[in-house]
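Asker: The following comprises the amino acid sequence and a computationally predicted model.
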Amino acid sequence: MTSATPRPAKIRIAAAQSVSGLLQIPDGARACYVLAHGAGAGMMHPFLASVAAGLAERGIATLRYQFPYMERRAKRPDSPVVAQAAVRAAVAEASRLAPGLALIAGGKSFGGRMTSQAQAVEALPGVRGIAFLGFPLHAPGRPSEERGSHLFDVRVPMLFLQGSRDEFADLKLLKPLLERLGARATSAIFPDADHSFHVPVRSGRTDAEVRADIPGVLAGWIDTVLGAR
């Protein structure tokens, strides 16, 4: 099934539990990005929609999906165990719905972190890399590397797209962490952008311009990962 338009999907996590998804497969797709949302907004958020659309233009499919708490419209995010089960189910469904496509997983903030935690516990079948749209290294105003400790157990390439003003990831902490991860970690820093990739007027750029760059950077990295094997 190919379509540049997102199509509904149902992702079964357990016998009595499933969540919604949106599958977008452009003609000639060469990979599929299994894209998880952040803690405060679901898969329909305009930012994720723009990333998916931009990737489709570049021949990359996406499967966006909801975590169970978002599906229930609850405010409190799922526990890591529940969230990681959703990640695994989404990856499995992407493999089923887009057979033959190389898989990349990850997502925005909370979604990306839950994906990498799942990968650290047990490798996600078929996943060739993890891409973070703003990795949440620590809570705002509470600098720490603790949330990044599991990344050393991730054995696939990782891409970190980060704003230089991201209050969830002090670059003075993030950059040394990425250096210690070595060749597995690639970063793309967006000047003046915050955790939502918003930029102030004084930057001379608009949010739309910054966000338009993200799919190109992501697609280029995916091609590098695919070409490495």
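Answerer: Received, thanks. Residues are numbered from 1 along each chain as shown.
Asker: for the chain, what are the low-confidence residue spans?
Answerer: 1-3, 228-229 (pLDDT under 70).
Asker: Mind naming the longest helix for it?
Answerer: Among the elements of type helix in the chain, defined by DSSP state H, the one spanning the most residues is helix 207-227.
Asker: starting at the chain centroid, how far to that helix?
Answerer: Centroid separation between helix 207-227 and its chain, computed with Cα atoms, centre = their mean, to the nearest Å, is 12 Å.
Asker: Look at the residue nearest the centre of the chain and give its secondary structure.
Answerer: Nearest to the centroid of the C-alpha atoms of the chain, with distances taken as Cα atoms, centre = their mean, sits G107, at 1.6 Å. The local conformation at G107, judged by DSSP: H, G, I helix; E, B strand; the rest coil, is strand.
Asker: quick revisit: which residues make contact with the longest helix of the chain from outside it?
Answerer: Here helix 207-227 makes contact (Cβ atoms under 8 Å, 6 or more residues apart in numbering) with 30-31, 33, 47, 50-51, 53-55, 57-60, 102, 104, 128-129, 131, 133, 157, 159, 161, 186, 188, 190, 193, 197-199. Placement of C-beta: from N, CA and C, glycine included.
Asker: So which of those sit within helices?
Answerer: When DSSP H defines the helices, the subset of the contacts of helix 207-227 inside them is F47, S50, V51, A53, G54, L55, E57.
Asker: Among those residues, the buried ones, what's the ChimeraX command?
Answerer: To isolate the buried subset of the ones in helices among the contacts of helix 207-227 in ChimeraX, counting by 16 or more other Cβ atoms under 10 Å, use the following:
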select :47,51,53,54,55
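Asker: Redo the ones in helices among the contacts of helix 207-227 as JSON lines? Include distance to V210.
Answerer: What follows is the ones in helices among the contacts of helix 207-227, written out as JSON lines (distance: Cβ to Cβ, whole Å):
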{"residue": "F47", "distance to V210": "11"}
{"residue": "S50", "distance to V210": "11"}
{"residue": "V51", "distance to V210": "12"}
{"residue": "A53", "distance to V210": "15"}
{"residue": "G54", "distance to V210": "12"}
{"residue": "L55", "distance to V210": "16"}
{"residue": "E57", "distance to V210": "17"}
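Asker: ok, the ones in helices among the contacts of helix 207-227 vs A94, which is closest?
Answerer: Among these, L55 lies closest to A94 (Cβ to Cβ), at 13.4 Å.
Asker: Tell me the spatial nearest neighbour of the closest one, not counting adjacent residues.
Answerer: Excluding its sequence neighbours, the residue lying closest to L55 (Cβ to Cβ, 6 or more residues apart in numbering) is P215, at 4.9 Å.
Asker: swap in I13?
Answerer: Distances taken as Cβ to Cβ, 6+ apart put A89 closest to I13, at 4.5 Å, once the chain neighbours are dropped.
Asker: ok, G28 - how many residues close by?
Answerer: Look at G28: counted by other Cβ atoms under 10 Å, it has 7 neighbours.
Asker: Would you mind measuring from it to I60?
Answerer: When distance is defined by Cβ to Cβ, to the nearest Å, G28 is 10 Å away from I60.
Asker: likewise D153?
Answerer: With Cβ to Cβ as the criterion, D153 and I60 are 26 Å apart.
Asker: ok so, going back, make sure the residue nearest to I13 is indeed in a strand.
Answerer: No: secondary structure assignment (three-state DSSP) places A89 in helix, not in a strand.
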